[in-house]
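Participant: here you go, sequence then predicted model.
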Amino acid sequence: MAALTPAPIAGEPPASAGRGRRGRPRAWRVAVLTLAALYFLVPMAASFWFTVDDPQGFSVDAYGQIFSAPGFGSSLLLSLGLAVATIVLVLLLTLPAMLAVRLGAPRLGPVLEVVCTLPLVVPPITFVAGIGTVLRFGPEYLARTPFYQTIIAMQNPSFPVVLVLAYVVLTLPFVHRSLDAGLRAMDAPTLVEAARNCGASWPHVVFRVIVPNLRSALASASFLTLALVLGEFTVARLLSFQPFPVWIVYISGSQAQVSVAVSLFSLLLTWLVLLAVSVAGRKRS
C-alpha cells in the first residue's frame, strides 16, 4: 500500500518555511544574550584587572588580604545574620497574610498588594530619616516605661534589630510578587479543602501541602531578600551601623584594591547562594 502523504492546506506555509522562521529568533537570542553578557562581564573584567594590576606586574595580593582585613569577618557574619532574620520574619508575616486573603477574603487582595508595594513609593532616604527620628526621640518619651530597654536593645551594634525591621519593609514588594506568582500557579483553595476534608490540621495544611508547592516561590523570595540585605547601604550607613556593604565603602578609603576584590568576592558569594537556593527550591522530597 502506498504511503499516504497529507496534502498541504491552502494558505498554510510549507514546513521548511516554518523551520526557517523558527531559526531566525535564535540568532536574535544569541545577539541579545551576547550584549547582556558584555554588559555584565566587561565591568567585572575591568574590576578584576584593577585588583591584579601592579606596578611590578600581575599580582593577587589584594585577594590574599581579604580574609585578613580588619572587620571583614564580623561585618560579613552580621550581614548574613541580618539576612536570615529578615527572610524568616518577612515570610512569617507575608505568607500567612496572603493565604488568609486568598482563601477567606479575595476582595482584599488589591488592598494587600497596595500595602506591600508602598515601600517602592517611599524614597529610602525619607524612610531612614523617619526611622532615625523615632530612634532619636523615642528613648526620651519611653524613659519611664518598660519599652525603654526594648528600644535600646533594638540598636545594639552587634545585632541591630532595627535593621531587620527596616529590611522587612524594603523587601515586602519583592517577597509579595514572588509568593503571589507561586500562589497563582497552584489551586490553593482546592488543595486546602481536600486536605481539610481528609482531617488535616491547619499547621499540617500549611507545612505539608502549601509550602511544598511554593518551594520555588519561597526560594525566589529568599534570594531576593538576601541580595537586598547584602547590597543595602543607605539605611545601615545613615543609622551608623556597619554591616558588610558599609564596611566595603569604609575600607575603600585606605585599600582601594582590597575593597574592589571584596566586592567581587561578595558578588561570587551571592551567585553561590543563588545556586544553592535554586537547587534547594527544585529538590523534591
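Facilitator: Sure, I can see it. Numbering: from 1, shown residues only.
Participant: which parts of stretch 108-118 are buried?
Facilitator: Leu112, Glu113, Cys116 (16 or more other C-beta atoms under 10 Å). Where you see a C-beta, it was placed from the backbone N, CA and C, and this is true even at glycine.
Participant: next one: stretch 240-259
Facilitator: Buried-residue list, stretch 240-259, by 16+ other C-beta under 10 Å: Phe241, Gln242, Pro243, Phe244, Pro245, Val246, Trp247, Ile248, Ile251, Gln257, Val258, Ser259.
Participant: which pair in those has the greatest spatial separation?
Facilitator: The most widely separated members of the buried residues of stretch 240-259, counting by C-beta to C-beta, are Phe241 and Gln257 (25.4 Å).
Participant: tell me the mean pLDDT over the strand or helix carrying Val128?
Facilitator: Assigned by DSSP states H and E, Val128 belongs to helix 124-141. Here helix 124-141 scores 84 as its mean pLDDT.
Participant: ok, residues contacting it?
Facilitator: The set of residues external to helix 124-141 that reach it, using C-beta atoms under 8 Å, 6 or more residues apart in numbering, is 119, 148, 151-152, 154-155, 162, 166, 169-170, 234-235, 238-239.
Participant: check stretch 169-182 too.
Facilitator: 86, 90-91, 94-95, 98, 112-113, 116-120, 124, 127, 213-214, 216-218, 220-221, 224-225, 228-229, 232, 235.
Participant: what does stretch 65-76 give?
Facilitator: Taking C-beta under 8 Å, 6+ apart as the rule, stretch 65-76 contacts Gln242, Pro243, Phe244, Val246, Trp247, Tyr250, Ile251, Gln255, Val258, Ala261, Val262, Phe265.
Participant: any idea where the helices of the stretch 101-250 of the chain begin and end?
Facilitator: Using DSSP state H, counting those that start in this stretch, the helices assigned to the stretch 101-250 of the chain run over residues 109-117, 124-141, 147-153, 161-184, 188-197, 202-205, 211-213, 215-231, 234-238, 244-252.
Participant: possible to save those as a markdown table with distance to Asp61?
Facilitator: Listed next are the helices of the stretch 101-250 of the chain as a markdown table, based on distance: least, C-beta to C-beta, whole Å:
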| stretch | distance to Asp61 |
| --- | --- |
| helix 109-117 | 46 |
| helix 124-141 | 36 |
| helix 147-153 | 41 |
| helix 161-184 | 33 |
| helix 188-197 | 55 |
| helix 202-205 | 54 |
| helix 211-213 | 47 |
| helix 215-231 | 25 |
| helix 234-238 | 28 |
| helix 244-252 | 15 |
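Participant: for Leu275, which of the ones you listed is the nearest?
Facilitator: Leu275 lies closest to helix 215-231 among these, at 9.9 Å (C-beta to C-beta).
Participant: look up how far Gly138 lies from Thr150.
Facilitator: For Thr150, the distance to Gly138 equals 10 Å [C-beta to C-beta, to the nearest Å].
Participant: the more surrounded of those two?
Facilitator: Comparing Thr150 with Gly138 by neighbour count (other C-beta atoms under 10 Å), the higher total belongs to Gly138, at 17 against 12.
Participant: just to revisit the earlier point, is it possible to get CSV of the buried residues of stretch 108-118 that adds distance to Phe72 and pLDDT?
Facilitator: Shown next, in CSV, are the buried residues of stretch 108-118 (distance: C-beta to C-beta, whole Å; pLDDT from 0 to 100):
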residue, distance to Phe72, pLDDT
Leu112, 40, 90
Glu113, 40, 90
Cys116, 35, 90
